[in-house]
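>>> I'll drop the sequence and a predicted model, then ask my questions.
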Amino acid sequence: MTGSPGTDGVEPVLPHVPEQSAAASGPKRAGAEAGHGPELAPVVSGARRRALRDGDRQIDTAHLLHSLLECDPEVRAAFDGGPQLARLLGYLVQRSIGYGLRWQSAVENSGAGPGPGGPGWSPVAAGAMETAYGRAVLRGDGHARGLDLLVALVADPRSRAVEVLGSAGVDLPRLLDRVERGLHGPASASSR
């Protein structure tokens, strides 16, 4: 997609991450955004904005992780407190100023996930969204929660989200244990 030439005579080139209306992003059981529900809608929207701002062609798992941390207090609570969370957010912020520049020219596809990610989604991120929805269905819920998506993001050990978590020193088995307690513990049941 191109716009009209700028003052220097060069047409700006915009990345291909399609915008969707709120109606188009609702559950329809097709594509990466199906079944995300109201809790993940701001996460998806934030990840899309982040991908556009970073100049990335697709939403990837690091975009989703960053947006989850910003939007979901249950996800933030799953980490080892302030210092670990600050370190993790620091890595994610650095993405747009150098840490993730090597990712801009490559599609996030570790080979472990499903085929094409669909318009605007890396295959691994699309697979994570589907996995999160599947976890919710198994739990008897019609919509995935932030903790479902967090588990799905770390399911592929070669995803960008896992790379960032590892760089920040996050112990993944310990994180997953806290997430499972958050999804099935008494606090979770009383809040729903």
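Nice, I can see it.
>>> so where's the protein shaky on pLDDT?
Counting by pLDDT under 70, the chain has low-confidence residues at 1-36, 95-118, 183-192.
>>> residues near residue 141, how many?
17 (other CB atoms under 10 Å). The way it works is simple: take the backbone N, C-alpha and C, and place the C-beta from them, glycine included.
>>> what do you get for residue 176?
A count of nearby residues for residue 176, using other CB under 10 Å, gives 15.
>>> so it is in which element?
According to DSSP states H and E, residue 176 maps onto helix 172-184.
>>> Go ahead and name everything in contact with that helix.
Residues from elsewhere that reach helix 172-184 (CB atoms under 8 Å, 6 or more residues apart in numbering): 74, 77-80, 139, 145, 147-148, 150-151, 154, 162, 165-166, 188.
>>> Now do the buried residues in it.
Residues of helix 172-184 classed as buried by neighbour count (16 or more other CB atoms under 10 Å): 175, 178-179, 182-183.
>>> Show me the contacts of helix 172-184 that map onto helices.
Applying DSSP state H to the contacts of helix 172-184, the entries found in helices are 74, 77, 139, 147-148, 150-151, 162, 165-166, 188.
>>> how about CSV for those, with neighbour count added?
As requested, these are exported to CSV (neighbours: other CB atoms under 10 Å):
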residue, neighbour count
74, 18
77, 14
139, 12
147, 26
148, 28
150, 29
151, 21
162, 21
165, 25
166, 14
188, 14
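>>> Nearest to residue 124, out of the residues you listed: which one, please.
residue 162 (9.7 Å; CB to CB).
>>> Hmm, residue 121 is touching residue 56, no?
No - the pair residue 121 / residue 56 is not scored as a contact, 11.1 Å apart, by CB atoms under 8 Å.
>>> Looking only at neighbour counts, state which of these two leads.
Higher neighbour count among residue 121 and residue 56: residue 121, with 29 against 24, using other CB under 10 Å.
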